[in-house]
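Q: can you look at this prediction? I've put the sequence above it.
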Amino acid sequence: MKVNADFSRILGKEHEDKWVALTKNHRKVVDCAANLKVLRDRLGEHKNDYVYMRVLRSDLEYCFSFT
């Protein structure tokens, strides 16, 4: 099972603190916006063809805890 994905090859500073739409294979950024609704509206009828994620700022420290 692959737990972590490395998006460093496709995500840059211009994507930080924004929502991005990725191709289903996670290899390409299709579009990005500060607001998820705006992003989905821009993608129109194809909005369900993509994977969405919020890109955190690189200067933040964060962790996840599973119990």
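A: Here it is on my side, so go on. If you're wondering where the values come from, they're calculated on a predicted model, not measured in any experiment. Numbering: from 1, shown residues only.
Q: where's the nearest residue to residue 14 once chain neighbours are set aside relative to residue 8, distance?
A: Excluding the flanking residues, the one nearest residue 14 by CB to CB, 6 or more residues apart in numbering is residue 32, at 7.5 Å. In short, each C-beta sits where N, CA and C put it, glycine included. Using CB to CB, to the nearest Å, one gets 16 Å for the distance from residue 32 to residue 8.
Q: show me what contacts the most centrally placed residue in the chain?
A: Closest residue to the average C-alpha location of the chain: residue 53 at 3.2 Å, with CA atoms, centre = their mean. Residue 53 makes contacts with 19-20, 22, as judged by CB atoms under 8 Å, 6 or more residues apart in numbering.
Q: give me the element it is part of.
A: In the assignment (DSSP states H and E), residue 53 maps to strand 51-55.
Q: do the same with residue 20
A: Assigned by DSSP H and E, residue 20 belongs to strand 18-22.
Q: how far away is residue 24 from residue 14?
A: Residue 24 is 22 Å from residue 14, by CB to CB.
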